[in-house]
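Engineer: here are the coordinates; sequence isn't available:
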């Protein structure tokens, strides 16, 4: 038998041998490799689950307009929100399932549902009527399949020791955040296919810039199922065995594990769920509003909005990767709670600078056509494949093949709300691109530490449901508030909510501590 050697930052050594102390072999090298191979499969599953949400977010609005002319921005909010509603329901069910049955079962079933739902989304154009409801149903089941994130988190928490869990949960958070951020980047890469794309009449397949991401999601889901069948194995680490093997000097570990239910700080658990809700509520609003906001403010076409927002989010994704790397090093010098507070402050500033100001107003849709051509709004059709030239210093010029661009006249606020300058928007993307991953990673990490050795399936289901509830209400909030009242009343209350989260972190600062630290403190009292 070979003794496990210390490896990367992701995992702390299983044996922390000190001079003069005898250590106990906990697992063979082969078992260690199998365990971490399974954990990495869970990293991939989390990443793909997050991509399922974000890969189509920037293109849902133009696709919805393309397949069903009766849909409006309010229905867009529900289409985006229903994903998270499905995930919220499924996460609790799958989390409980994983506590009593092998985790492979809920993982495979959930991904099969996800694959089928992505295919349905890709065929939303096919039915003769009610296409928007097929899109709604497809997104609901994509979200239901994504409820497996509760299983992923509980498995990683149970397959790592307390020493390893910090890095592993940080990686889980990183994979989820990167999935949310890089999903639109994949959508951007597919804009070259165009809104028309190719059509295969035999199977009624329409492959374009809107449906290709869904079919890619289905393909990745099939690969994920294969990896789970071939590589995934159940592993469970008993923290008591780990503590003994590394000579952790905590008295009464047996009692600690046996009485884990009573020792969990429920106030801290509830606080983490509230913070998690606010983090995802804020980010879901940002992702949902990006496409319609930029189309209204900068007179971008649907294809331009998908492309330019995707490029901005690619930059934010690179920025987030740097943040994740930095967190691992900063965590050695700065407390988790302090970094979490700093992340909320960055998100607050990011949304605050999005508030409109100045005396320049967005261009009203059709205004240029009425003033500068012989064509009335009734005579000009909406041809999304016709892309007007655009650059960062000027608006698109409209010709004979012009498309409807600008802020719709039906949105009354367009007439009196100042424009959000492009510099404001880019600055916001940069700040939120730093604050979101910081808050996401550290909220996960703190939550896992607070739960300690307790089996975490149900508790992680609560956390997933909290995030899913936020991503349900966030888009619904945008769909109801933005068309009626504009960006000022969308971002203003959100700034107040994020500031309230920062204040909550300060008020509960002493409560947000790890299980083992809290246990030791209670023992000393």
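Structural biologist: Received the coordinates, thanks. In this text the structure is predicted, and so the values were computed from the model without any measurement. Numbering: from 1, shown residues only.
Engineer: just the element for the spatially most central residue of the chain, please.
Structural biologist: Residue closest to the average C-alpha location in the chain (CA atoms, centre = their mean): residue 180, at 3.9 Å. Taking DSSP states H and E as the definition, residue 180 sits inside helix 162-189.
Engineer: in the next helix or strand after that helix, which residues are buried?
Structural biologist: Next along the chain after helix 162-189, taking DSSP H and E as the criterion, comes strand 198-200. Counting neighbours by 16 or more other CB atoms under 10 Å, one finds that strand 198-200 has no buried residues. In short, each C-beta sits where N, CA and C put it, glycine included.
Engineer: show me what strand 198-200 is packed up against.
Structural biologist: Applying 3 or more CB pairs under 8 Å, 6 or more residues apart in numbering; DSSP states H and E, we find strand 198-200 packed against strand 205-207.
Engineer: how about residues contacting the helix or strand following the strand it packs on?
Structural biologist: Note on strand 205-207: by DSSP H and E, the next helix or strand toward the C-terminus is helix 212-231. Applying CB atoms under 8 Å, 6 or more residues apart in numbering, the contact partners of helix 212-231 are 37-38, 41, 44-45, 48, 51-52, 55-56, 59, 104, 107-108, 111-112, 114-115, 118-119, 121-122, 138, 142, 145, 183, 186-187, 190, 193, 197, 207.
Engineer: in helices only, show me these.
Structural biologist: 37-38, 41, 44-45, 48, 51-52, 59, 104, 107-108, 111-112, 114-115, 118-119, 121-122, 138, 142, 145, 183, 186-187 (DSSP state H).
Engineer: sort out which of those residues are buried, if you could.
Structural biologist: Here, 16+ other CB under 10 Å leaves 38, 41, 44-45, 48, 51-52, 59, 104, 107-108, 111, 114-115, 118-119, 121-122, 138, 142, 145, 183, 186-187 buried among these.
Engineer: helices along the stretch 251-400 of the chain, start to end?
Structural biologist: 253-258, 260-263, 266-298, 302-330, 336-352, 367-372 (DSSP state H, counting those that start in this stretch).
Engineer: which of those helices is buried the deepest?
Structural biologist: Mean neighbour count, computed with mean count of other CB atoms under 10 Å, is highest for helix 266-298 among these, reaching a mean of 23.
Engineer: show me what it is packed up against.
Structural biologist: helix 57-67, helix 73-100, helix 162-189, helix 302-330, helix 336-352, helix 422-451, helix 457-485, helix 487-507.
Engineer: average model confidence for it?
Structural biologist: Helix 266-298 carries an average pLDDT of 90.
Engineer: could you check the angle helix 162-189 makes with that helix?
Structural biologist: 20 degrees (axes from the mean of the first three to the mean of the last three CA atoms, to 10 degrees).
Engineer: pull the distance from helix 266-298 to the chain's centre.
Structural biologist: 9 Å (CA atoms, centre = their mean, to the nearest Å).
Engineer: then stretch 427-439?
Structural biologist: 13 Å.
Engineer: residues making contact with that stretch?
Structural biologist: 173-174, 177, 181, 275, 279, 282-283, 286, 312-313, 315-317, 319-320, 323-324, 327, 339-340, 342-347, 349-351, 353-354.
Engineer: export the helices and strands packed on helix 266-298 to TSV and tack on distance to residue 416?
Structural biologist: Formatted as TSV, those follow (distance: least, CB to CB, whole Å):
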stretch	distance to residue 416
helix 57-67	24
helix 73-100	19
helix 162-189	31
helix 302-330	23
helix 336-352	21
helix 422-451	18
helix 457-485	11
helix 487-507	10
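Engineer: mind checking the ones you listed for the one nearest to residue 362?
Structural biologist: helix 487-507 (10.0 Å; CB to CB).
Engineer: surely residue 313 meets residue 179?
Structural biologist: No - at 11.7 Å, residue 313 does not count as touching residue 179 under the criterion of CB atoms under 8 Å.
Engineer: pLDDT weak spots in the chain?
Structural biologist: 1-27, 162, 166, 238-263, 366-403, 453-457, 515-525 (pLDDT under 70).
Engineer: chain neighbours aside, what residue packs nearest to residue 125?
Structural biologist: Spatial nearest neighbour of residue 125, excluding adjacent residues (CB to CB, 6 or more residues apart in numbering): residue 67 at 4.8 Å.
Engineer: number of residues surrounding that neighbour?
Structural biologist: Using other CB atoms under 10 Å, residue 67 is surrounded by 19 other residues.
Engineer: got it, and residue 358?
Structural biologist: 10.
Engineer: next up, phi/psi of it, please.
Structural biologist: phi 100, psi -170 (degrees, to the nearest 10).
Engineer: need the contact list for the closest residue to it other than its chain neighbours.
Structural biologist: Excluding its sequence neighbours, the residue lying closest to residue 358 (CB to CB, 6+ apart) is residue 418, at 4.7 Å. By CB under 8 Å, 6+ apart, residue 418 lies in contact with 356-361.
Engineer: top of those residues by number of neighbours, please.
Structural biologist: Result: residue 356 is most packed of those (other CB under 10 Å), 20 neighbours.
Engineer: test my guess that that one contacts residue 489.
Structural biologist: No - counting by CB under 8 Å, residue 356 sits too far from residue 489 to count as a contact (10.5 Å).
Engineer: biggest separation within the contacts of residue 418, which pair?
Structural biologist: So, the contacts of residue 418 by CB to CB: farthest apart are 357 and 361, at 11.7 Å.
Engineer: so which residues make contact with stretch 115-135?
Structural biologist: 52, 56, 60, 63-64, 66-68, 70-71, 75, 79, 137-142, 144-145, 204-206, 211, 214-215, 217-218, 221-222, 225.
Engineer: if you set the cut-off to 6 Å instead, what comes out?
Structural biologist: For stretch 115-135, the external contacting residues (CB atoms under 6 Å, 6 or more residues apart in numbering) are 67-68, 71, 79, 138, 141-142, 204, 206, 211, 214-215, 217-218, 221.
Engineer: just the terminal-to-terminal distance for that stretch.
Structural biologist: 14 Å (CA to CA, to the nearest Å).
Engineer: buried set for that stretch?
Structural biologist: Neighbour-count burial for stretch 115-135 [16+ other CB under 10 Å]: 115-125, 131-132, 134-135.
Engineer: looking at those residues, which is nearest residue 86?
Structural biologist: After measuring those against residue 86 - CB to CB - the closest member comes out as residue 117, at 8.8 Å.
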